[in-house]
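# fold the following for me, if possible:
(chains A and B, ligands or ions: 3)
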Amino acid sequence: MTDGNAGANSGDPGELRSGRGDDPGGGDPPAARTSPRGAHLAERVRAGDRRMLARLLTEIEDRTAVAEAALRVLYPLSGGAHLVGVTGAPGAGKSTLVAALARAVRASGRPAAVLAIDPSSPITGGALLGDRIRMQEHAGDRDVFIRSMASRGHAGGLAAASVDAAAALDAAGFPIVFLETVGAGQSEVEIASIADTTLVVEAPEMGDEVQAIKAGLLEVADIVVVTKGDRPGAGRTAAQLRAMLTVGAADEAEAIRRAEAHGRRRPKRPQVVLVTAPTGDGIRDLLDALDRRAAGRDASAVRPARLARAAAQLDAVLAERLRARLRDAHRRDEIDAVIRAVAEHELDPYAGADRVMALVEGSPSGG
Amino acid sequence: MIAAMTDRRIRVLIAKPGLDGHDRGAKVLARGLRDEGFEVVYTGLRQTPEMIASAALQEDVDVVGLSILSGAHMTLVPRVCRALRDEGLGDVLVTVGGIIPDDDVAALHEAGVDRVFGPGTTIGEVAEYLRSSVRPRETA
Ligand code: B12
Ligand SMILES: Nc1nc2c(ncn2[C@@H]2O[C@H](COP(=O)(O)OP(=O)(O)OP(=O)(O)O)[C@@H](O)[C@H]2O)c(=O)[nH]1
Ligand SMILES: [Mg+2]
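Numbering: from 1, shown residues only, chains lettered A, B, ... in the order given. Ligands and ions are numbered 1, 2, ... in the order given. Just a heads-up that it's a prediction; the model follows:
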């Protein structure tokens, strides 16, 4: 076993030895552009083939060249879906809420897609993906596509492949895609830079007013959803959150003026809604609020979120490209030497990075 | 150190078909396989064959594991295998565990099951079997 070597992945037990043939390792762009299987998958996905959509999502999770080739085709065809992030503490009721929202979307005659992220074990890399249990009412409805995804070591409450997977579901024609994060604490706020609209789910009596004014999850909410309305204290929790998150009109105008004057982003002022997902209480109104935001997508409401998402996507691809180059066998020895030098305190990490960057810039990406 | 962000992981669906409420074994197995490095989708109790097939399709799993202790395996398992084939999932590995009399095993293989595991099965045995038996995916 890999005694305590958390995150080591080569030779991990769950790893499938027979990889897929046309991944040259590290998603090398030239091969990716010409992958016939990628192009085929993209075509089938556009034609509504759910099995091939599922296959593509696996390729995306595995970061293969096939996935990259397919996404090059699909990305320009996506952008129409409303990407709704759902986050909140473990057990707050995210999955149950998503199931209820999907029910309401179906009732309005539209298909819905769900990406549900659960954590991977940092020790073994395995994962128990259980969000689907709460969404069983939709099993067998081909217009509710539910996919569970393991975080695979990605911090921030999502998986590295979440954004690409959402783009694939978007291109497959789903007008609304729900993205459920892992049970989040106060710092897993990545969802806010990914989703068009972020719902933060709060269960009754989970904290007091001080939690509401700490920086973190609540701050990134476009809408705060208090779940489990059937539980005692739910109404009070909603009222408290409303009181904490609402600001008088005069104060708000002043805050906006000051933020703009200093070039700062101004805080969001989320509305607070109370729902009981299993009975559907409040769900219709919540979906209406989501649809109103989607309708204003090109205007104000969702625009900053889309810019943030594009920046995050570019960032991720660039980081991966850099990593792929660093994995290149030609450079590995030299990079290992730099690592050893930093470990020995002969080099500082900044000078080490200078050397590695020089190596990477010095020669073009080898095949 | 500077390693690939992800690698291919074996995805397993653990499902309990029918009205059987014995879910301890399924949960033990799901957790055990997680600890062995698999990605396990657990769908819970009372699954129809169609629900299982549709989850297997959407989740693109390599393995479907059915846990049955109620004695209804001879009716349920062939129906699940048929539903999987109907969805075009004939290449997914199908395993069954729980209370399965030895006399029924041959018929289950006939219906499309790849392997039957009985009480006292260790997680290690299941994990080894899955690692050596999951079919490689098509490529290119
Ligand atoms: C605990 C238990 C219960 C608990 C269940 C709690 C729960 N939530 O799971 C309770 C008390 C609720 C219960 C109720 C009943 N039970 Co009961 N129960 C048992 C008992 C004693 C142990 C089962 C167990 O949990 N074992 C521990 C787990 C870890 O082992 P396991 O399930 O076998 O799983 C292992 C392997 O089989 C394998 N495995 C299992 N599934 C899978 C799947 C795959 C894919 C793989 C690879 C491997 C695999 O891996 C696991 C780990 O090693 C068994 C007897 C027995 N010795 O098995 C009877 C037994 C299963 N029960 C039985 C009966 C009849 C009932 C009732 C109908 C009783 C009644 N008349 O009310 C009810 C029905 C409940 C229902 N709704 O379905 C009978 C079934 C008879 C049959 N099949 O013909 C048994 C066999 C007892 C007997 N000898 O008569 N039961
Ligand atoms: N009483 C009541 N219970 C609820 C409600 N919504 C969810 N629950 C229960 O709360 C528990 C957790 O619900 P989930 O929907 O799984 O919560 P989650 O936030 O998705 O959980 P994780 O994904 O594990 O973080 C389950 O036992 C649900 O049945 C509700 O409106 N009322
Ligand atoms: Mg959940």
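# and residue A:177, backbone torsions?
The phi and psi values for residue A:177, taken as degrees, to the nearest 10, are phi -120, psi 120.
# pLDDT score for it?
We have a pLDDT of 97 for residue A:177.
# my guess is it contacts residue A:171. True?
No: under the contact definition of CB atoms under 8 Å, residue A:177 does not touch residue A:171, with a separation of 10.6 Å. C-beta: built from backbone N, CA, C; applies to glycine.
# where does the stretch 251-367 of chain A dip in pLDDT?
Within the stretch 251-367 of chain A, the segments meeting pLDDT under 70 span A:263-267, A:296-302, A:329, A:363-367.
# get me the contact residues on it for ligand 2.
Along the stretch 251-367 of chain A, the residues adjacent to ligand 2 under the rule CB under 6 Å from any ligand atom are A:276, A:277, A:278.
# apply 8 Å and report the result again.
If contact is defined as CB under 8 Å from any ligand atom, the residues of the stretch 251-367 of chain A in contact with ligand 2 are A:275, A:276, A:277, A:278, A:279.
# which stretches in chain B count as strands?
Using DSSP state E, the strands found in chain B span residues B:11-15, B:39-42, B:63-68, B:93-98, B:115-117.
# next one: the stretch 101-250 of chain A
A:112-118, A:127-129, A:144-150, A:176-180, A:197-202, A:223-226 (DSSP state E, counting those that start in this stretch).
# got CSV for those strands, with distance to ligand 2 and mean neighbour count too?
Shown next, in CSV, are the strands of the stretch 101-250 of chain A (distance: least, CB to the nearest ligand atom, whole Å; neighbours: other CB atoms under 10 Å in any protein chain shown):
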stretch, distance to ligand 2, mean neighbour count
strand A:112-118, 6, 27
strand A:127-129, 10, 25
strand A:144-150, 10, 26
strand A:176-180, 7, 28
strand A:197-202, 6, 27
strand A:223-226, 10, 25
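# would CSV of these with distance to ligand 3 be doable?
CSV is the format used below for those (distance: least, CB to the ion, whole Å):
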stretch, distance to ligand 3
strand A:112-118, 6
strand A:127-129, 10
strand A:144-150, 10
strand A:176-180, 6
strand A:197-202, 10
strand A:223-226, 14
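# residues touching the closest residue to ligand 2 within chain B, list them.
Nearest residue of chain B to ligand 2: residue B:44, at 10.9 Å (CB to the nearest ligand atom). Taking CB atoms under 8 Å, 6 or more residues apart in numbering or on different chains, we find residue B:44 in contact with A:132, A:133, A:136, B:16, B:23.
# can you check which helix is longest in chain B?
With residue count as the measure and DSSP state H as the assignment, chain B has helix B:73-86 as its longest helix.
# how far off strand B:11-15 does that one point, in degrees?
Taking axes from the mean of the first three to the mean of the last three CA atoms, to 10 degrees, one finds that helix B:73-86 is oriented at 140 degrees with respect to strand B:11-15.
# what is the neighbour count of residue A:48?
Number of residues near residue A:48 (other CB atoms under 10 Å in any protein chain shown) recorded here: 11.
# quick one: it and residue A:171 touch, right?
No: shown here, residue A:48 and residue A:171 do not form a contact pair, counting by CB under 8 Å, at 11.2 Å.
# dump the residue contacts of residue 134.
Because you didn't say which chain, this covers chain A. Remark: with contacts taken as CB under 8 Å, 6+ apart, residue A:134 is in contact with A:95, A:96, A:98, A:99.
# not what I meant, chain B
By CB under 8 Å, 6+ apart, residue B:134 lies in contact with A:16, B:10, B:62, B:63, B:93.
# those into a markdown table, with extra columns for pLDDT?
A markdown table is the format used below for the contacts of residue B:134 (pLDDT from 0 to 100):
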| residue | pLDDT |
| --- | --- |
| A:16 | 37 |
| B:10 | 95 |
| B:62 | 97 |
| B:63 | 98 |
| B:93 | 97 |
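# pick the one among these closest to residue A:356.
Within the contacts of residue B:134, distances to residue A:356 taken as CB to CB reach their minimum at residue A:16, with 30.8 Å.
# in chain B, where is pLDDT below threshold?
Residues of chain B that meet the criterion pLDDT under 70 lie in B:1-7, B:138-140.
# up against ligand 1, what does it have?
Among all residues of chain B, those adjacent to ligand 1 (criterion: CB under 8 Å from any ligand atom) are B:14, B:19-29, B:32, B:65-71, B:95-99, B:115, B:117-123, B:126, B:129.
# coming back round to it: in TSV: the contacts of residue A:134, plus secondary structure, neighbour count and distance to residue A:285.
As requested, these are exported to TSV (DSSP: H, G, I helix; E, B strand; the rest coil; neighbours: other CB atoms under 10 Å in any protein chain shown; distance: CB to CB, whole Å):
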residue	secondary structure	neighbour count	distance to residue A:285
A:95	helix	24	20
A:96	helix	21	17
A:98	helix	27	16
A:99	helix	24	17
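# what's the closest of those residues to residue A:261?
Minimum distance to residue A:261 across the contacts of residue A:134 is 39.8 Å, recorded for residue A:98 (CB to CB).
# before we move on, the earlier item: adding distance to residue A:352, write the strands of the stretch 101-250 of chain A out as a markdown table.
As requested, the strands of the stretch 101-250 of chain A are exported to a markdown table (distance: least, CB to CB, whole Å):
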| stretch | distance to residue A:352 |
| --- | --- |
| strand A:112-118 | 33 |
| strand A:127-129 | 34 |
| strand A:144-150 | 32 |
| strand A:176-180 | 37 |
| strand A:197-202 | 37 |
| strand A:223-226 | 44 |
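# which residues touch the longest helix of chain B?
Surrounding helix B:73-86, the residues in contact under the criterion CB under 8 Å, 6+ apart are B:17-18, B:49-50, B:52-53, B:56, B:64, B:66, B:68, B:90, B:92, B:94, B:96, B:98, B:100, B:104, B:107-108, B:111-113.
# drop the exposed ones from those and show what's left.
Among those, those buried by neighbour count (16 or more other CB atoms under 10 Å in any protein chain shown) are B:17-18, B:49, B:52-53, B:56, B:64, B:66, B:68, B:92, B:94, B:96, B:98, B:100, B:108, B:111-113.
# OK, contacts around the closest residue to chain B within the stretch 151-300 of chain A?
Taking CB to the nearest CB as the measure, the point where the stretch 151-300 of chain A comes nearest chain B is residue A:152, at 5.0 Å. Residue A:152 makes contact with A:61, A:120, A:125, A:127, A:159, A:160, A:161, B:5, B:6, B:9 under the criterion CB under 8 Å, 6+ apart.
# quick one, domains of chain A?
Domain assignment of chain A by automatic domain parsing yields the ranges A:5-75, A:79-304, A:314-361.
# residue A:235: what's it in contact with?
A:229, A:274.
# all helices of the stretch 51-200 of chain A, in order?
Listed from the start of the chain, the stretch 51-200 of chain A has helices (DSSP state H, counting those that start in this stretch) covering A:65-74, A:94-107, A:162-171.
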